[in-house]
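> Can you look at this prediction? I've put the sequence above it.
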Amino acid sequence: MDEKPWERNEDLLVLNPEGTLPVLIDDNEAVISGAATIAEYLHETRGARPGEPVLLPQGAVERAETRRLVAWFLAKMEGEVTAYLVNEKVFKRQMNGGSAPDPAAIRAGRSNIRYHLRYIGYLMARRNWLAGNEMTLADLAAAAELSTVDYLGEVPWEEDGQAKDWYARVKSRPSFRPILSDLVRGNPPVSHYANLDF
């Protein structure tokens, strides 16, 4: 279902009183709101199949680091980068016939992305994956934010090779590939978006 986040949707408010996305309606009619909450719910109710990575580590310290990074990317990066760029380059085009983007907001998003790329590079210089030795929900949260910004052509990949290499590993996973075929109505992706070797 297409949602227009700038419009008040009473049906969405029934599902999630915050009126925010994402919302998962599970097969058992459970309604779960928020990306991190949905991810942990799916981890708890579906678990990993044999041979698949466990996306939330067993150790308390490792789980805490994973959750810290999930919050970093889904709140901090979202607020400092993704929200600016998506609002200005996507939502404003679709709202009420379109309005002009705010250049200052776009500049802020473009400036802030560099900091987040450097942080990913910093983590990757010390670990195999963002939160430790194994892929976790932290990698998926960071990749979701970067994928959104990359769709718009706003990730300066030349700024940090380690961040780019990490994203290429995530992007090439079979479970991530369907995301690369998603399209935003009226906004085609940048030409390299779906390329695994970009």
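Perfect, thanks for sending it. Residues are numbered from 1 along each chain as shown.
> Quick check: phi and psi on the residue nearest to residue 180 when sequence neighbours are not counted?
Take residue 180 and drop its neighbours on the chain: the residue closest to it by Cβ to Cβ, 6 or more residues apart in numbering is residue 194, 4.2 Å away. For the C-beta atoms, the positions are set from N, CA and C on the backbone; glycine is no exception. With angles defined as degrees, to the nearest 10, residue 194 shows backbone torsions of phi -90, psi -10.
> tally of neighbours for residue 194?
Residue crowding around residue 194 was assessed by other Cβ atoms under 10 Å; the count is 15.
> So for the protein, the centremost residue is which one?
Among the residues of the chain, the one closest to the centroid is residue 144, at 2.2 Å (Cα atoms, centre = their mean).
> export the longest helix along the chain as PDB, just CAs?
Determined from DSSP state H, the single longest helix within the chain is helix 103-124. The C-alpha coordinates for helix 103-124 follow below in PDB (Å, rounded to 0.1, in the frame of the first residue of the first chain):
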ATOM      1  CA  PRO A 103      18.700  24.100  -0.900                       C
ATOM      2  CA  ALA A 104      19.900  24.600   2.700                       C
ATOM      3  CA  ALA A 105      18.300  21.300   3.700                       C
ATOM      4  CA  ILE A 106      19.900  19.400   0.800                       C
ATOM      5  CA  ARG A 107      23.300  21.000   1.600                       C
ATOM      6  CA  ALA A 108      22.900  19.800   5.200                       C
ATOM      7  CA  GLY A 109      22.100  16.200   4.200                       C
ATOM      8  CA  ARG A 110      25.000  16.200   1.700                       C
ATOM      9  CA  SER A 111      27.300  17.500   4.400                       C
ATOM     10  CA  ASN A 112      26.100  15.100   7.100                       C
ATOM     11  CA  ILE A 113      26.400  12.000   5.000                       C
ATOM     12  CA  ARG A 114      30.200  12.300   4.900                       C
ATOM     13  CA  TYR A 115      30.300  12.000   8.700                       C
ATOM     14  CA  HIS A 116      28.200   8.800   8.700                       C
ATOM     15  CA  LEU A 117      30.300   7.300   5.900                       C
ATOM     16  CA  ARG A 118      33.500   8.000   7.900                       C
ATOM     17  CA  TYR A 119      31.900   6.400  10.900                       C
ATOM     18  CA  ILE A 120      31.100   3.300   8.900                       C
ATOM     19  CA  GLY A 121      34.700   3.300   7.600                       C
ATOM     20  CA  TYR A 122      36.000   3.700  11.200                       C
ATOM     21  CA  LEU A 123      33.900   0.700  12.400                       C
ATOM     22  CA  MET A 124      34.900  -1.400   9.400                       C
END
